[in-house]
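Engineer: predicted coordinates and the sequence they were generated for:
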Amino acid sequence: MCEGGRAAASMARTASASRRQPETTSLAVDEAGGRASRRPRGWKAVGFMIGLYLAIAMALNAFAQPVTNYLIKRYNMKPNAATNVANVFSGTYSFSPVVGAFVADAFCGRFWTLLFGAVAAFVAMVVITLSATIRQLKPPSCSDVARQAGTCAGPSGLHRAVLYIGMALLVVATGGANPTSLPFGADQFDHDDASSGRSSNEADERRRRAEEPAGLKRFYNWYYVVTMMASFMALTFIAYIQDKVSWGLGFGIPTALVAATFAVFLAGTPLYVRVPAEGSIFSSVARVVVASCRKRRLTLPHPRDARQQEAVLYNPPVVVAAGTGTSRVFKLPLTLQLSFLNKAAIVTADADEIRPDGSPARPWSLCSVQQVEEVKCLVKIVPVWISGVMWFISVAELTNYTFLQALTMDLHMGRSFTIPPVSIAAIFNLAIVLFVPVYDLLVARAAQRVTGVEGGITVLQRQGVGVAISGLALVVAAVVERRRRASALDNGGTSPMSVFVLAPQLAVMGVSAAFNMIGQMEFYNTEFPDQMRTLANAAFYCAQGASSYLATAVVNVVNARTRRRGGGQGWVAEDINAGKLDHFYYAMAVFAAINFVYFLVCSYFYRYKGEPEVAAEDSPPATPEAVLLKH
């Protein structure tokens, strides 16, 4: 090994002696790059943000939920054309957070990206409100009879242009706000026990250190309660105004709410911790892959002992970039999972591989242990993410066809009041809003006394419980559908049963979401590399987007198979009374059971970020089976 390599290895070995446990480097910096006194304010800072989160979520849902109905009723589009426009909008809407996350992590930071998304949401809603209000910006009104006859005047080029501009701005708003709102809120809490400063009161300091990780865990729960509350209000109060009063007023209310809460958000700016953008991590991922391939023929030192191996690989201290706000970088220990990637950190005998300042001379040939472990984090998350997509498919199938069931049922709530069919889905959101406080304040605390785990159960266990409950929700839906279909066939196609008979299946799926959806959010935000925390939130929305496309594919496959066997319509027919939706729900329950088994396998092999390896001398002799499980 060259002198530079020996020096780097010696430095890494010395540092490794003090890193037997994962460490976190915290550094608060001001705009000039110097040390600043600002520290995370926790709930005090989040209090200024939470209203904006609710307003943006309500605004996005107020348009995205009824978009197909809006295009048909207010823009006089044909059903197929409206569906195509809605599908394009939905797909772009779901995947735009990936772009926003990349921009936030690589260039702008979370604060400015969230700010831009909030402004875009307000402008978008103003445009959409005007398009629904001003006569010159919308087609003339049309009766249901004329619409069925196909004689309504369609939208002109100007009408479409204004509408599509508003929809495009909503996509931009989603890309800016959705991936950044949760991690920016999480930035306001300390993520570890290490503090960037010390309190003059040691008792207060110890209490703060104990409370802030728990506060962060509660923030994940309550953040999702707020977004579900926004969806609930959009599906009930706003949906009723749109359907019974005016589309313009239905869009105008969330627009005004965004403006008011945005002013409050700006008032809290002096309190916020703003983590600076640290450049694109995608180039770092590519470098690890290329470097490990280039060194594939080299032999790893100490292949069974991660601590000794870490000491001789390229493992410089983590450098925290100067910028605005606070940057926390979690120093990851070397692991033996996916050990092929460890070869990217092997220091060869080349005299010029490491510069005098300790940086690699050829970054595409030598990577640090930190870079290697960050890539492993991404790779290990993928199987769990796939399970999340499968869970979202179950939710999509249940909620989509619950709406179609509602169209054939009695919509009365009382003697004279009827609800819009889309509002029945609000029970799903209401179940989450009601169950999460119960879980957070009672269930989790009781479980914590038994397990000793912060929050009662781990984030993987929480997701697994949600997957199991989703199967139960689909079984309930199948039982209810069998009764509904029999009742509808006995009464000329419309069931006299109350639409609220559908409430149990939505409530059970809401409880499933309180476990799985919030578990997914927390899992991605804690297990992604620190520099990619915004992209972690985008992964959650990508799972939703992917499930929307795959849910359609699942229905097509089921229909193709069941038509072939039955010789007629498939289980999911255009007329749900002519199909066998209950059989489809049972099939989806089996699908959920398969997903549960798959998730258990993924959880068994998963190792949490920063979890240290067991030293070779502390572990039993390795057998071929043990080595296989280890890798």
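Structural biologist: Arrived safely, thanks for sending.
Engineer: in this structure Cys377 contacts Tyr608, no?
Structural biologist: No. Here Cys377 lies out of contact with Tyr608, judged by C-beta atoms under 8 Å, at a distance of 9.8 Å. Any C-beta I mention is one placed from the backbone N, CA and C, and that applies to glycine too.
Engineer: and the two? Which one has more around it.
Structural biologist: Each of Cys377 and Tyr608 has its neighbours counted (other C-beta atoms under 10 Å); Cys377 has more, 19 against 13.
Engineer: ok, that one - contacts?
Structural biologist: Cys377 makes contacts with Leu332, Glu527, Phe528, Pro529, Lys609, as judged by C-beta atoms under 8 Å, 6 or more residues apart in numbering.
Engineer: most surrounded residue in the residues you listed?
Structural biologist: Leu332 (26 neighbours).
Engineer: ramachandran coordinates for the nearest residue to it once chain neighbours are set aside?
Structural biologist: Excluding its sequence neighbours, the residue lying closest to Leu332 (C-beta to C-beta, 6 or more residues apart in numbering) is Glu373, at 3.8 Å. Main-chain dihedrals, Glu373, degrees, to the nearest 10: phi -70, psi -30.
Engineer: could you report the pLDDT at Ser16?
Structural biologist: The confidence metric pLDDT takes the value 37 at Ser16.
Engineer: what strand or helix carries Phe591?
Structural biologist: Assigned by DSSP states H and E, Phe591 belongs to helix 581-605.
Engineer: ok, residues contacting that helix?
Structural biologist: Contacts of helix 581-605 (C-beta under 8 Å, 6+ apart): 383-384, 386-387, 390-391, 393-394, 397-398, 401, 405, 460-461, 463-464, 467-468, 470-471, 474-475, 477-479, 481-482, 485, 554-555, 558, 562, 571-572, 629.
Engineer: the residue nearest to Leu474 when sequence neighbours are not counted: neighbouring residues, count only.
Structural biologist: Nearest non-adjacent residue to Leu474, counting by C-beta to C-beta, 6+ apart: Ala589, 4.0 Å away. Using other C-beta under 10 Å, Ala589 has 20 neighbouring residues.
Engineer: quick check: the gap between Ala589 and Phe392.
Structural biologist: Shown here: Ala589 relative to Phe392, a distance of 16 Å by C-beta to C-beta, to the nearest Å.
Engineer: residues contacting the most centrally placed residue in the chain?
Structural biologist: In the chain, the centroid-proximal residue (C-alpha atoms, centre = their mean) is Phe540; its distance is 2.3 Å. Neighbour list for Phe540: Gly388, Gln520, Met521, Tyr524 [criterion: C-beta under 8 Å, 6+ apart].
Engineer: redo the residues you listed as TSV? Include distance to Asn595, neighbour count and pLDDT.
Structural biologist: Formatted as TSV, the contacts of Phe540 follow (distance: C-beta to C-beta, whole Å; neighbours: other C-beta atoms under 10 Å; pLDDT from 0 to 100):
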residue	distance to Asn595	neighbour count	pLDDT
Gly388	9	28	94
Gln520	13	26	91
Met521	18	22	85
Tyr524	18	25	89
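Engineer: can you lay out the residues you listed as JSON lines showing secondary structure and distance to Pro496?
Structural biologist: Listed next are these as JSON lines, based on DSSP: H, G, I helix; E, B strand; the rest coil; distance: C-beta to C-beta, whole Å:
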{"residue": "Gly388", "secondary structure": "helix", "distance to Pro496": "39"}
{"residue": "Gln520", "secondary structure": "helix", "distance to Pro496": "39"}
{"residue": "Met521", "secondary structure": "helix", "distance to Pro496": "41"}
{"residue": "Tyr524", "secondary structure": "helix", "distance to Pro496": "45"}
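Engineer: one step back: give me the common contacts of Cys377 and Tyr608.
Structural biologist: Glu527.
Engineer: what is the neighbour count of the residue nearest to Leu332?
Structural biologist: 25.
Engineer: from Gly466, how far out is it?
Structural biologist: Taking C-beta to C-beta, one finds Glu373 at 28 Å from Gly466.
Engineer: with Asp530 instead?
Structural biologist: 26 Å.
Engineer: okay, now Val557: neighbour count?
Structural biologist: 11.
Engineer: how near is the residue lying closest to Val499 once chain neighbours are set aside to Thr494?
Structural biologist: Once flanking residues are discounted, Val499 sits nearest to Met409: 4.4 Å by C-beta to C-beta, 6+ apart. Distance, Met409 to Thr494, by C-beta to C-beta: 8 Å.
Engineer: show me which of the two is the more surrounded one.
Structural biologist: More crowded of Met409 and Thr494, by other C-beta under 10 Å: Met409, with 21 against 13.
Engineer: which phi and psi does that one have?
Structural biologist: The phi/psi pair for Met409 (degrees, to the nearest 10) is phi -120, psi 170.
Engineer: ok, the one 4 residues further on next?
Structural biologist: Geometry field for Met413 lists phi and psi as phi -120, psi 90, criterion degrees, to the nearest 10.
Engineer: please apply the same query to the one 3 residues further on.
Structural biologist: The phi and psi torsions at Ser416 (degrees, to the nearest 10) take the values phi -120, psi -20.
Engineer: so it versus Ala538, what's the distance?
Structural biologist: Taking C-beta to C-beta, one finds Ser416 at 45 Å from Ala538.
Engineer: neighbour-wise, which of those two wins?
Structural biologist: Ala538 (28 against 6).
Engineer: if I pick the more buried one, what's in contact with it?
Structural biologist: Going by C-beta under 8 Å, 6+ apart, the list of residues near Ala538 reads Pro97, Val98, Gly100, Ala101, Asn178, Pro179.
Engineer: mind putting the residues you listed in a markdown table, distance to Pro504 included?
Structural biologist: Formatted as a markdown table, the contacts of Ala538 follow (distance: C-beta to C-beta, whole Å):
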| residue | distance to Pro504 |
| --- | --- |
| Pro97 | 32 |
| Val98 | 36 |
| Gly100 | 37 |
| Ala101 | 37 |
| Asn178 | 30 |
| Pro179 | 34 |
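Engineer: my guess is Asp352 contacts Ala361. True?
Structural biologist: Yes. Counting by C-beta under 8 Å, Asp352 touches Ala361, with 5.3 Å between them.
Engineer: which of the contacts of helix 581-605 fall in helices?
Structural biologist: Counting by DSSP state H, the contacts of helix 581-605 place 383-384, 386-387, 390-391, 393-394, 397-398, 401, 405, 460-461, 463-464, 467-468, 470-471, 474-475, 477-479, 481-482, 485, 554-555, 558, 562, 629 in helices.
Engineer: Arg296 - nearest residue in space that isn't next to it in sequence?
Structural biologist: In this structure, Arg296 finds its nearest non-sequential neighbour in Lys343, 6.5 Å apart by C-beta to C-beta, 6+ apart.
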